[in-house]
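# need a structure here:
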Amino acid sequence: MAVTAQMVKELRAKTGAGMMDCKKALVQTDGDMEAAIDFLREKGLSSASKKADRIAAEGITSILVKENEAIIFEVNAETDFVAKNEGFQTLVKELGDHLITTKPATVEEANASTMSNGLTVADHISNAIAKIGEKITLRRFEIRTKTDADAFGPYLHMGGRISVLVVLENSTDSDAARDIAMHIAALNPKYISRDEVSADEVEHERKILTEQALNEGKPEKIVAKMVEGRLGKYFEDICLLDQAFVKNSDQKVRDFATSTGGTVKEFIRYEVGEGIEKREDNFADEVMSQVNKK
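Numbers count the residues shown, from 1 in each chain. This is a model prediction of the structure:
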């Protein structure tokens, strides 16, 4: 079957693949459009596998709220540039819609699940890799539910470099919940309250503060009192409710939350690439490597 320019154009529109790749696919499949799409997908999968050992530590975090359900998730790419790509942004939205609808328990289960277009999430991402040209991964997600008497506070900082989801219980003040989420994005507390800090962590910090005070030459008889004071400052650094509210430093977050009639039940904070070890090329070694090749 003769391959026409119109067929190549149609295949390009459907797959986003290059013109010559589309022509080759149509020739290989004798003009069968669906078979040609599969051919390109297979080629895309091959391209994706070659990118599997790359490090994807950039990308975006996002939040999607649908009535009483919300999902916070992270999709990684190799460069910040790609994270701003329209195709990447579309992929992130599609993944969010799929995940909040199907509610998989794990990333592995999510990747194996079938989307509305008939592809698994893994294959859909692989097709995006073929089009965009970088390794892309669905790294993590968490889904939360609330009642009609509660409020979600979703907040995205810098277009998704940081995302925070707050669940405010017994208050429907979503604006207040969002303000608390914004505070968490800025100050990055580890816990909601002191009750969540383990006894081991408190004792570890107390030991460090005691040594600090003694090394400063403070009299032993006042060290214990000083340490308890400094421990209070430590709690302010790591516990949300003990922190001065970022929008009103005269008010604690605890008091702001209470003013809404609700309590902070939970928060989740994602920052793009946190915990991922990024490759740092040694420029000197790279230069010597090139010199030694000559």
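
# from the chain's centre, how far out does the strand or helix carrying residue 24 sit?
Taking DSSP states H and E as the criterion, residue 24 maps to helix 19-28. With Cα atoms, centre = their mean, to the nearest Å as the basis, helix 19-28 stands 37 Å off its chain's centre.

# So which elements touch that helix?
Helices and strands touching helix 19-28, by 3 or more Cβ pairs under 8 Å, 6 or more residues apart in numbering; DSSP states H and E, are helix 5-15, helix 33-50. Placement of C-beta: from N, CA and C, glycine included.

# avg pLDDT for the last one?
The average of the pLDDT scores along helix 33-50 is 65.

# The helix or strand harbouring residue 76: how far from the chain's middle?
Secondary structure from DSSP H and E places residue 76 in strand 69-77. Strand 69-77 sits 5 Å away from the centroid of its parent chain (Cα atoms, centre = their mean).

# partners of it, with directions?
Strand pairing for strand 69-77, determined by DSSP bridges: strand 58-66 (antiparallel), strand 137-145 (antiparallel).

# Give me the buried stretch members for the last one, please.
Of the residues in strand 137-145, 137-141, 143-144 count as buried by neighbour count, 16 or more other Cβ atoms under 10 Å.

# now stretch 180-189
Within stretch 180-189, the residues that count as buried by 16+ other Cβ under 10 Å are 180-185, 187, 189.

# can you list the domains in this protein?
Using the TED database, the domain parsing of the chain gives 5-46, 51-145.

# Make TSV out of those and add distance to residue 269.
Putting these into TSV (distance: least, Cβ to Cβ, whole Å) gives the following:
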stretch	distance to residue 269
domain 5-46	34
domain 51-145	9
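
# can you tell me which of those domains the model trusts least?
Among those, domain 5-46 scores lowest, at a mean of 77.

# Relative to the whole chain's centre, how far out is that one?
When C-alpha coordinates are averaged (Cα atoms, centre = their mean), domain 5-46 and its chain have centres 33 Å apart.

# cool, and stretch 245-264?
How far stretch 245-264 lies from its chain's middle: 26 Å, per Cα atoms, centre = their mean.

# Can you show me the helices along the chain?
For the chain, the helices defined by DSSP state H cover 5-15, 19-28, 33-50, 80-83, 86-102, 107-112, 121-132, 174-187, 199-215, 220-238, 253-259, 283-293.

# Just the angle for the first one relative to helix 19-28, thanks.
Counting by axes from the mean of the first three to the mean of the last three Cα atoms, to 10 degrees, helix 5-15 points 110 degrees away from the direction of helix 19-28.

# Pull helix 5-15 out as PDB, backbone CA atoms only.
Provided in PDB are the C-alpha atoms of helix 5-15 (Å, rounded to 0.1, in the frame of the first residue of the first chain):
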ATOM      1  CA  ALA A   5       1.700  12.500   2.900                       C
ATOM      2  CA  GLN A   6      -1.800  12.800   4.400                       C
ATOM      3  CA  MET A   7      -1.300   9.400   6.200                       C
ATOM      4  CA  VAL A   8       2.000  10.600   7.600                       C
ATOM      5  CA  LYS A   9       0.400  13.800   8.800                       C
ATOM      6  CA  GLU A  10      -2.500  11.900  10.400                       C
ATOM      7  CA  LEU A  11      -0.100   9.600  12.200                       C
ATOM      8  CA  ARG A  12       2.000  12.500  13.400                       C
ATOM      9  CA  ALA A  13      -1.100  14.200  14.800                       C
ATOM     10  CA  LYS A  14      -2.100  11.000  16.700                       C
ATOM     11  CA  THR A  15       1.400  10.200  18.100                       C
END
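
# Can you mark which positions in it are buried?
Buried residues in helix 5-15, counted by 16+ other Cβ under 10 Å: 7-8, 11-12, 15.

# I figured residue 246 was touching residue 183, is that so?
Yes. Residue 246 is in contact with residue 183 according to Cβ atoms under 8 Å; the separation is 4.3 Å.

# Distance of residue 27 relative to residue 6?
Remark: distance between residue 27 and residue 6 (Cβ to Cβ, to the nearest Å) = 15 Å.

# my bad, residue 80
Distance, residue 80 to residue 6, by Cβ to Cβ: 38 Å.

# Residue 209 now?
Using Cβ to Cβ, residue 209 is found at 75 Å from residue 6.

# Over to residue 171?
Counting by Cβ to Cβ, the gap from residue 171 to residue 6 is 59 Å.
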